[in-house]
Structures are given as structure tokens and as C-alpha cells.
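1. Let me see the structure of the following:
(one chain, ligands or ions: 1)
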Amino acid sequence: MFWFCSPVKLVFTLPQNPNFFPHPPFSHHTMNEDEDPRNGVVSENNHHHTPKKPKLTQPIISEPEIREEFSHHQPGIARINNGSFGSCPRSVLTSQNTWLLRFLSQPDDFHSNTLRTGISHSRALIKTLINAQNVDDVSLVDNATTAAAIVLQQIGRRFARGEFCRNDAVIIFHCAYQAVKKSILAYVTPVGGSVIEVRLPFPVRSNDEIIEEFRKGLERGRENGGRVRLAILDHITSMPSVVVPVKELIGICRENGVDQVFVDGAHAIGSLRIDVSEIGADFYVSNLYKWFFSPPSVAFLYCRNSKGSDGDVHHPVVSHEYGNGLPAESAWVGARDYSPQLVVPAIFDFVNRFEGGIEGIMKRNHEEVVKMGSMLAESWGTMLGSPPEMCASMIMVGLPSRIGMTSDDDAMRLRSHLRVYHGVEVPVYHQAVRDGETDPRDKDGYITGYVRISHQVYNTVEDYLKLKNAINQILEEGKTCKMLPKERT
Ligand SMILES: Cc1ncc(COP(=O)(O)O)c(C=O)c1O
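-> Residues are numbered from 1 along each chain as shown. So this is what the prediction gives:
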């Protein structure tokens, strides 16, 4: 059952013709972060902003139309892992193909006269959506990994030039994305930087628990005698998945003299309201392909005051535009397919067919994922990994202790078993109980396994029931993770 009910809505319509560059489909939302605890600050008033009333009418997208938009998804799979690779509707894929064909029909003309304008237009739309001050602060890059390279290479150069000292550090959550952690190893550690890892409390009950651990991490940095030069803060951690109070943590970083803050919001755009001016980071990246319906692969990287950052922020792939600013460098990294960067107007077309546009989608995904997570936790006698206000469109749900998960290998077995035998695609997480801890528990023992469920517009209640029944069946058969055959992952 889908969760769209209202038959008609008002929307802007944008032509699918990529030649046509009208104004952004809706003006920037004006809700400030005080209204959305998931932007980093908790307040009593957690209501969602309604975008300005658009002018033209168009029927709201229907259930069959949603199914058609995602009809390329393999049938029979309960796809409750939008968080990993996202999803791209057919109308956006059609637009991408149109761009590609346009390039192929007259490449030289396209390169000289169309490509830059198209990318600039996409950047302008993103700039408005995330409330950046200046379009030059917004670049389009391939993905969050590329953005991490940009930020960390710039830090590495400062160490290499002797601006930073041996023992100066990068602070990061222990569960930060592996690719980002490895980027520190590649670009910062070899030139003398050290790393402070902050344990992210999980299961987590409040922002305060995260803030307390983060303060302790900064304290450790001081004890080392060095300065913290960069904080890398996930806006939504990947595994376990939790929304982090980035605005508050950035305030603490500023009070403590941290030089730069990079927010890894890989999962954020399309699932969480992003107001980069309010958040106040120096760098903020988010993948458009995860929750904002782009094809693979495009991300925006916001660099605050890019003009003022002494011009030392560069794309890791150097090409003709080197030295002309990150937006220009990123818009030409050699001959390749740039169509993912050009479909942003088509994405706005798509989301504006839903009631409330992207704001409405985010709100309903959040409500549904909480509802589905609660239903699963109740059925399994477990609990959610965080309170609802600390999640966006993904939530962690405890697995029954009887599933017997004692290692990451067990988690992989269960994940592939669910895929192969039950047609359920969901990430599984193992977390051992730490010494001295007395929870989390269910009636039979310690909870050491979790699933991370996502909710996107194509999901139905049946997807989650399939997961519920699969786990219940495994338990009814008396099986634990170790008894599941090792499948290809
Ligand atoms: C928190 C986080 N950061 C970074 C990344 C890397 O994204 P990409 O593979 O698109 O570079 C991911 C991917 O899932 C992520 O979850």
C-alpha cells in the first residue's frame, strides 16, 4: 500500500527539454534549523515547512505512475536498502539519455555551448535548495568519496607546507565511512597528521550522548599537545545509521579552535533538510544519487566562502580548468559522460509531482520508516536503535537475540540469506555488547544484531512484512546465523 492519497496538487511544471532553463521550480524553503531537530538542534516545534504555493496545476502522481517510474526494479525483491545505492526514476533516466544523445549528436557544439550552462543551471538549483550564499560555493562532483579527497588533500598540503604540525589531528566518529577513513590514511597520516576517533554511542537515546562523547574526543586532542585541524562529522552515519546533531557539534568545534569542519552528508539531500548557511560547516557534501533520485553518480560539494579559502581547494583529477575555482575544475575532469550532472532540473520535475515536493517526500519517508521500524521491533520483541527524531528515512531495528549474531561474518551470512532465500535486500549490522554493559536486551538475551531499513517512495508495507516474516521463519526453524549456509554476498 502506498502512502499517497490526495488526488490533485499544485505544482510547477518544467519541460523535459534540457535546453530549457527556467527558474528553480520552487523558491528555497525558509524553515530554519530550530524547526528540525534532525538538522542539529532540538526544539519543541518540529513541524515541516510548506514550500511556496506554485502556480500551475497538475495531477498528483498516482500509484500506478510511481510503479511505472520504478518499473526497472527487479520484481520480487523487497528493496528496503535505498540508503546504499538510491534509486532513479524512469523520467530522470529518460532525461539523462536525452542529454547523452544530445552530446553524441554534436559533441563539439555540446562541449562548447551547452555543457557549462547545463551544469551551472544544476548548481543554481542546488544552491537554492541548500540555501548556500553563492553559487560559486557549490560544485558538482561524482560522489562523497571524491569530495573527501578534495577536502583531505587540501589538509594534507597544509601539513606538507609546514602550516600544521606533527601531532595535529583530524577528529572523526569511529563509524565514519570506511572510504573516508582510508582517505585520511592516504592523504593526511603520511604527512604527519594523527586521527582522533570518537565512539558514536549506539543504541543512542539523545543528542546529548553524542555531544558528550565528541567533547571527550576534543579533550583527547588537547592532551596530545596538538591542535585539531579538521573535524569530519557525518550528518547521517552509514552503519549504524543515526542523524548526528551537526550544528551543535560545529558550534563546539568553533569554541574549541578546530580549524575546519567537513560534514559528510552522503545520505542527507532528499532525506533531511539541509541549510548550509545555518549548519555553518566549511565543507558539506551530499550524494544526489542516494535520496535525491539522480542516476549514478553525482554529489554536490559546498565550500563555504570558496573565493576566500585561499584558492587551495582543488579537484583530485587535474585538467584544463586547474586554478579556475572548484566549480570549474569539477565541471571538466576530461572527456567523459556528464549527463548525471545535467539531470537536476528533471529531478525537480519528478519530485514536484508529489504532494509537498521533496519536503513532502522526506516527511512521509520519515514517518513511514519509523512506523515500519516500530512494527518490526514490536513483532520481534526488540527496539529501535535511536529515537525517531534521530533518524531521517533510515532507521536501525534490533534483531531478536535468538538469531545468535556474534560477528560481522554472521551479519553477512544473514544478509545474503535474506537476499537469496527470502528476496529481501537489507543491510545487517553486528555490534558486540561492550564490557560492563547491561543492555540492549530482549527477553532471551543481548541484542547484538540490527537491520537498517530505508523507506523511499516506491516501498510498500509488504516489503517490511516480508522482512518480518523472514526473520520469524528463521527463528521458528530454530536457526541461528551460524547455521545459515554461506552464500555469495
Ligand atoms: C556516510 C557516507 N559517507 C560517504 C559515502 C561514500 O559515498 P560514495 O560511494 O558515493 O562516494 C557513503 C556511502 O554510502 C556514506 O554512507
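2. ok, now how distant is P388 from the ligand?
-> Per C-beta to the nearest ligand atom, to the nearest Å, P388 is found 20 Å from the ligand. The way it works is simple: take the backbone N, C-alpha and C, and place the C-beta from them, glycine included.
3. Quick check: nearest residue in space to that residue, chain neighbours excluded?
-> Nearest non-adjacent residue to P388, counting by C-beta to C-beta, 6 or more residues apart in numbering: V370, 4.4 Å away.
4. Tell me who's in contact with that neighbour.
-> V370 is in contact with L384, P388, C391, I395, counting by C-beta atoms under 8 Å, 6 or more residues apart in numbering.
5. all strands for the stretch 151-300 of the chain, in order.
-> 169-173, 194-198, 228-234, 260-264, 283-287, 299-303 (DSSP state E, counting those that start in this stretch).
6. The third one to strand 283-287, inter-axis angle?
-> Think strand 228-234. 30 degrees (axes from the mean of the first three to the mean of the last three C-alpha atoms, to 10 degrees).
7. Likewise for the second one?
-> Using the same axes, to 10 degrees, the direction of strand 194-198 lies 60 degrees away from that of strand 283-287.
8. on that earlier part again, now the residue nearest to P388: which helix or strand?
-> helix 357-380 (DSSP states H and E).
9. after that helix comes which helix or strand?
-> Per DSSP H and E, the helix or strand that comes after helix 357-380 is strand 394-398.
10. How confident was the prediction at H29?
-> On pLDDT, H29 comes in at 37.
11. Is L301 in contact with E329, as I believe?
-> No: taking contacts as C-beta atoms under 8 Å, L301 lies outside contact range of E329: 11.0 Å.
12. Now do the shared contacts for these two.
-> Common neighbours of L301 and E329 (C-beta under 8 Å, 6+ apart) are S139.
13. Between the two, which has more neighbouring residues?
-> Neighbour count, other C-beta atoms under 10 Å: between L301 and E329, L301 has more, with 27 against 23.
14. circling back: among the contacts of V370, which one lies nearest to the ligand?
-> C391 (14.2 Å; C-beta to the nearest ligand atom).
15. The closest residue in space to the closest one that isn't next to it in sequence and the ligand, how far apart?
-> Nearest non-adjacent residue to C391, counting by C-beta to C-beta, 6+ apart: V243, 5.9 Å away. As for V243, its distance to the ligand is 12 Å (criterion: C-beta to the nearest ligand atom).
16. who's in contact with V243?
-> Counting by C-beta under 8 Å, 6+ apart, V243 touches R38, H235, I236, L272, S386, E389, M390, C391, A392.
17. In JSON lines: those, plus distance to F159 and neighbour count.
-> Below are the contacts of V243 laid out as JSON lines (distance: C-beta to C-beta, whole Å; neighbours: other C-beta atoms under 10 Å):
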{"residue": "R38", "distance to F159": "34", "neighbour count": "26"}
{"residue": "H235", "distance to F159": "26", "neighbour count": "28"}
{"residue": "I236", "distance to F159": "29", "neighbour count": "26"}
{"residue": "L272", "distance to F159": "32", "neighbour count": "23"}
{"residue": "S386", "distance to F159": "36", "neighbour count": "21"}
{"residue": "E389", "distance to F159": "39", "neighbour count": "16"}
{"residue": "M390", "distance to F159": "35", "neighbour count": "25"}
{"residue": "C391", "distance to F159": "36", "neighbour count": "25"}
{"residue": "A392", "distance to F159": "35", "neighbour count": "27"}
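18. Columns pLDDT on top of the residues you listed, output as CSV?
-> Below are the contacts of V243 laid out as CSV (pLDDT from 0 to 100):
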residue, pLDDT
R38, 52
H235, 98
I236, 98
L272, 98
S386, 98
E389, 97
M390, 98
C391, 98
A392, 98
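19. closest to L249 among these?
-> Nearest to L249 out of these is H235 (C-beta to C-beta; 10.2 Å).
20. Settle this for me: the closest one is touching V261, isn't it.
-> No: H235 is not in contact with V261 according to C-beta under 8 Å; the separation is 11.4 Å.
21. shared neighbours, these two?
-> Counting by C-beta under 8 Å, 6+ apart, nothing touches both H235 and V261.
22. Tell me where the model's unsure across the protein.
-> Scanning the chain for pLDDT under 70 picks out 1-57, 306-311, 488-489.
23. try 50 this time
-> 1-37, 40-53 (pLDDT under 50).
24. How about the residues of it by the ligand?
-> Residues of the chain lying close to the ligand (C-beta under 6 Å from any ligand atom) are N143, A144, T145, Y177, A179, V180, D234, S238, D264, A266, H267, N287.
25. farthest pair in those residues?
-> N143 and D234, at 15.0 Å, using C-beta to C-beta across the residues of the chain next to the ligand.
26. Looking at these two now, which is surrounded by more residues?
-> Counted by other C-beta under 10 Å, N143 and D234 do not tie: D234 has more neighbours, with 24 against 19.
27. Which among the residues of the chain next to the ligand count as buried?
-> The neighbour count (16 or more other C-beta atoms under 10 Å) marks N143, A144, T145, Y177, V180, D234, S238, D264, A266, H267, N287 as buried among the residues of the chain next to the ligand.
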